[in-house]
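# Turn this into a structure:
(one chain, ligands or ions: 1)
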Amino acid sequence: MDLRKVTADDVRSAVARFMERSGLDRFSIRAALIDMDGVLYDSMKYHTLAWQHMMRDVGVECTRDEFYLYEGMTGIATINLLFRRAFGRDADPDEGKRLYAVKTRYFHEFGDREPMPGADRMLRALIRGGIKRVLVTGSAQASLLESLESDYPGAFTEQRRVTALDVKHGKPSPEPYLMGLKKAGEEAANSIVIENAPLGVKAGHAAGCFTIAVTTGPIPADEMWKAGADLVLPSMPEFADLLPAILEMYPVN
Ligand code: MG
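Have a look, this model is predicted:
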């Protein structure tokens, strides 16, 4: 794992590789498609615990860490994955809904809403730079979605949000990010994705976007590179430090 500081030169090389891969002769940043859990909120530690408790209630032991690998999938997709493994079948739809509600209840019990350090600075840099922001989350967690405006005023309009309720296929499918591009009215060649989970990185990469991974949990940088990240940052504060320089290098034109 590469632990040295990410510099403007690293960004330049990463963008050059991205442009070559995508066959682009220009790249500018007009839109940022931003994941929620593990990027805007330091919520994954509570999600993983809530998942583990809910599955234990139905008699299935899971490690807490495995849920970091499922991050980005919709709740129902995660339940079906675990059901297939444990019982050889999908959950029936009502059972799935009920279990997701149980998971949500645990999530609230364990304490949920901690804005991620650095996220506010990142969003303010994007707003200052005139970059469109679109929320692209696999979550349907009302407690966080309803708090976005008070925690990050003006960052995301209601029209520029893609949640679990909007898509047929969650991450790692490109569908959520393709829908995000549509909501921004931009092409992949003018957009960046900001993610913390390997499945989310895969989704951003598959949508053709320059995908920035930030390691805010226990998953190492290597997994982000393997998932197709164009750039990997070790923390949100470090990403927020670097972002103004990135925006200056690839201005809206
Ligand atoms: Mg996430």
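
# For the chain, just list every one of the helices.
8-22, 44-57, 66-70, 75-87, 93-110, 119-128, 142-145, 148-151, 175-184, 198-206, 221-227, 236-249 (DSSP state H).

# Can you name the residue of the stretch 1-150 of the chain nearest to the ion?
Among the residues of the stretch 1-150 of the chain, residue 38 lies closest to the ion, at 3.6 Å counting by CB to the ion. For the C-beta atoms, the positions are set from N, CA and C on the backbone; glycine is no exception.

# Local confidence estimate at that residue?
Residue 38 carries a pLDDT value of 96.

# on that earlier part again, of the helices of the chain, which stretch is the most buried?
Among the helices of the chain, ranked by average contacts under mean count of other CB atoms under 10 Å, first place goes to helix 198-206 (a mean of 26).

# Can I get that one in PDB? Just the C-alpha atoms.
Backbone C-alpha positions of helix 198-206 (Å, rounded to 0.1, in the frame of the first residue of the first chain) are rendered in PDB as follows:
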ATOM      1  CA  PRO A 198     -14.800  -1.100  -3.700                       C
ATOM      2  CA  LEU A 199     -18.300  -1.900  -5.100                       C
ATOM      3  CA  GLY A 200     -19.000   1.900  -5.400                       C
ATOM      4  CA  VAL A 201     -15.600   2.300  -7.200                       C
ATOM      5  CA  LYS A 202     -16.500  -0.400  -9.600                       C
ATOM      6  CA  ALA A 203     -19.800   1.300 -10.300                       C
ATOM      7  CA  GLY A 204     -18.100   4.700 -11.000                       C
ATOM      8  CA  HIS A 205     -15.500   3.100 -13.100                       C
ATOM      9  CA  ALA A 206     -18.100   1.100 -15.100                       C
END
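
# the inter-axis angle of it versus helix 8-22?
On the basis of axes from the mean of the first three to the mean of the last three CA atoms, to 10 degrees, helix 198-206 is oriented at 60 degrees to helix 8-22.

# Can you check what angle separates helix 198-206 from helix 175-184?
50 degrees.

# Can you flag the weakest of the helices of the chain by average pLDDT?
Note on those: helix 142-145 shows the lowest mean pLDDT, a mean of 85.

# what sits against the residue of the stretch 1-150 of the chain closest to the ion?
Residues in contact with residue 38 (CB atoms under 8 Å, 6 or more residues apart in numbering) are 44, 71, 116, 196, 197, 216, 217.

# show me what contacts residue 155?
Residue 155 touches 123, 126, 127, 133, 148, counting by CB under 8 Å, 6+ apart.

# Could I get the pLDDT score of it?
Residue 155 carries a pLDDT value of 97.

# next one: residue 2
For residue 2, pLDDT reads 51.

# Number the chain from 46, please
Got it, first residue is 46 now, which makes that one residue 47.

# show me the contacts for the nearest residue to residue 57 once chain neighbours are set aside.
Distances taken as CB to CB, 6 or more residues apart in numbering place residue 294 nearest to residue 57, at 7.1 Å, with adjacent residues excluded. Neighbouring residues of residue 294 by CB under 8 Å, 6+ apart: 53, 56, 57, 60.

# hmm, back to that, please report how far the residue of the stretch 46-195 of the chain closest to the ion lies from residue 259.
Per CB to CB, to the nearest Å, residue 83 is found 8 Å from residue 259.

# on that earlier part again, just put the contacts of residue 294 in a markdown table and tack on distance to the ion.
Output for the contacts of residue 294, formatted as a markdown table (distance: CB to the ion, whole Å):
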| residue | distance to the ion |
| --- | --- |
| 53 | 26 |
| 56 | 22 |
| 57 | 27 |
| 60 | 23 |
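
# Nearest to residue 128 among the contacts of residue 200?
Among the contacts of residue 200, residue 193 lies closest to residue 128 (CB to CB), at 30.8 Å.

# Now the closest one: closest residue in space, sequence neighbours ignored.
For residue 193, ignoring the flanking residues on the chain, the nearest one in space by CB to CB, 6+ apart is residue 201 at 5.6 Å.

# related to what we said a few turns ago, if we look at the ion, which of the contacts of residue 83 are close to it?
241, 242 (CB under 5 Å from the ion).
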